[in-house]
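Asks: below is the structure, and that's it, no one-letter string:
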């Protein structure tokens, strides 16, 4: 497990479904075009550039899972969300690691 100040945790793409079943919210921080080309079912698109303006729309009582292209930008987003008081988990490997079906 990867921790940043004990608030940030990494999960694999294989854990996403279980986390969502337990009430977590999955946000996809890729741009709108990439999201529309294919995303994980149930993911909410909040491009990273809009995250500072949209994070107040997220429920702080829920765990937030963050996915990006390969898992780098999501760390930045997780740090910002964690600093704002959210419980977050970074999806390592991002969409590149996802092997499940994609929604459009």
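Replies: Looks like it came in fine. Worth saying up front: this structure is predicted, and the values here are computed from it rather than measured.
Asks: how far off centre is stretch 43-54?
Replies: Distance of stretch 43-54 from the chain centroid (CA atoms, centre = their mean, to the nearest Å) equals 10 Å.
Asks: can you point me to the longest helix in the chain?
Replies: Secondary structure of the chain read by DSSP state H shows that its longest helix is helix 73-83.
Asks: run the chain-centre distance for that one.
Replies: Relative to the chain's own centre, helix 73-83 is displaced by 9 Å; criterion: CA atoms, centre = their mean.
Asks: who does that helix touch, helix- and strand-wise?
Replies: strand 8-11, helix 51-54, strand 63-67, strand 87-91 (3 or more CB pairs under 8 Å, 6 or more residues apart in numbering; DSSP states H and E). In short, each C-beta sits where N, CA and C put it, glycine included.
Asks: contacts for it, please.
Replies: With CB atoms under 8 Å, 6 or more residues apart in numbering as the contact definition, helix 73-83 has outside contacts at 4-5, 7-8, 27, 29, 48, 51-52, 55, 58, 64, 66-68, 88-91, 94.
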